[in-house]
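> Here is a sequence with its predicted model. Questions after.
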Amino acid sequence: MSDTTELSGLKLSEVRSSFERQGLMRTIGAELTLLAPGRCIITLPFNESIGQQQGFFHGGIIGSVGDNAGGYAALTVLPVGSEVLTLEYKINFLRPAAGETLFAEGQVLQAGQSICVTRVDIYVEQAGRRSLCAGLQQSMIRAPASGPAS
């Protein structure tokens, strides 16, 4: 992971730990590849188990990865001991997500004490060329950290 110098060690550890508890992200092979204040990038290599019938990344997977990228971008700006829950999101699919790797780049647009608004640009890469395939905007609410499930 790169570009983490601006986050405190405790905040970085908290965000990584939260992401590691994401069963869906682990199951599909998604990885945190960048964390910085108000920013998060999650990458996902393509495999047929997350594709749809025409060989593209499935829209549900795109939405899930985008939701997480925005959520973890929001978590980077909240106090230690916080978690986030999605209040709502809207996604626009711009082109088929045909490619080898998906990149969801989340950025905080506005952070309040309890609500954060984020934007996520989602790209697909094919043969070294990235194309914007979806845009997502969401509202996140701050919640107390729950820790690992027992």
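Everything's here; your move. Numbering: from 1, shown residues only.
> All the helices of the protein, residue numbers only.
Under the criterion DSSP state H, helices of the chain are mapped to 9-20, 23-28, 59-75.
> I'd like to know which elements the first one is packed against.
Based on contacts counted as 3 or more CB pairs under 8 Å, 6 or more residues apart in numbering; DSSP states H and E, the elements that helix 9-20 packs against are strand 31-36, helix 59-75. (C-beta placed from N, C-alpha, C; glycine too.)
> Can you lay out the ones you listed as TSV showing distance to Gln22?
Listed next are those as TSV, based on distance: least, CB to CB, whole Å:
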stretch	distance to Gln22
strand 31-36	10
helix 59-75	7
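> most tightly surrounded among those?
Highest mean neighbour count of those: helix 59-75, a mean of 24 (counted as mean count of other CB atoms under 10 Å).
> Run the angle between that helix and strand 31-36 for me.
30 degrees (axes from the mean of the first three to the mean of the last three CA atoms, to 10 degrees).
> Can you get me the centre-to-centre distance for stretch 44-63 and its chain?
Its chain's average C-alpha position is 16 Å from that of stretch 44-63, according to CA atoms, centre = their mean, to the nearest Å.
> Tell me which of the helices and strands packed on helix 9-20 lies nearest to Ser18.
Nearest to Ser18 among the helices and strands packed on helix 9-20 is helix 59-75 (6.7 Å), distances taken as CB to CB.
> Run a quick neighbour tally on Ser8.
Neighbour count for Ser8, taken as other CB atoms under 10 Å: 11.
> Please work out the average pLDDT along whichever strand in the chain runs longest.
Criterion DSSP state E: the longest strand present in the chain is strand 129-144. For strand 129-144, the mean per-residue pLDDT is 97.
> For it, enumerate the helices and strands it packs against.
Counting contacts by 3+ CB pairs under 8 Å, 6+ apart, strand 129-144 packs against helix 59-75, strand 82-93, strand 101-111, strand 115-126.
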